[in-house]
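In: What would the 3D arrangement of this be:
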Amino acid sequence: MMGMIAMYCRGNHGQSGETLCPECIELRQYVVARLERCPFGDEKPPCDRCPIHCYKVDRREQIKAVMRYAGPRMLFRHPILAVRHFIDAHRKVPKGTDENRSV
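Out: Residues are numbered from 1 along each chain as shown. The predicted structure follows:
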């Protein structure tokens, strides 16, 4: 997610290098905080297959915009991350969770 946010910021907010705009820095901090609290830990499935919705509605829209922009570009700019994401996307969703629970 961090690479996608950086790519999105460079492409949409005109940032260069590793520097992010304040809005993207805040989004990155939010994502890190949510991932640290994830009960699945390293076994977390991709967001679209996860039974727990970690992000608030407004943040979820921001994340979708980032993924829509960066997703297609990942294969060319970060091929290893793109392949890892593809593999993770086909991982089984952990069982034994309450599907309506939020973190």
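
In: Going by C-alpha atoms from here, please, whenever you check contacts or count neighbours.
Out: OK.

In: Now the helix or strand hosting Glu61: buried residues?
Out: Using DSSP states H and E, the element containing Glu61 is helix 57-77. Within helix 57-77, the residues that qualify as buried are Gln62, Ile63, Val66, Met67, Tyr69, Ala70, Gly71, Arg73, Met74, counting by 16 or more other C-alpha atoms under 10 Å.

In: Also stretch 20-31?
Out: Buried residues in stretch 20-31, counting neighbours by 16+ other C-alpha under 10 Å, are found at Leu20, Cys24, Ile25, Leu27, Arg28, Val31.

In: now do stretch 40-53
Out: Those would be Lys44, Pro45, Pro46, Cys50, Pro51, Ile52, His53, for stretch 40-53 by 16+ other C-alpha under 10 Å.

In: Quick check: phi and psi on the third one?
Out: Spelled out, it's Pro46. The phi/psi pair for Pro46 (degrees, to the nearest 10) reads phi -60, psi 150.

In: Make residue 1 into 28 and carry on from there
Out: OK, 28 is where the count begins now, so the last one is Pro73.

In: Can you give me the distance of it to Val110?
Out: The gap separating Pro73 from Val110 is 13 Å, by C-alpha to C-alpha, to the nearest Å.

In: pLDDT weak spots in this protein?
Out: For the chain, the stretches flagged by pLDDT under 70 are 120-130.

In: coming back round to it: in terms of distance to Arg64, which of the buried residues of helix 84-104 ranks first?
Out: Ile90 (17.4 Å; C-alpha to C-alpha).
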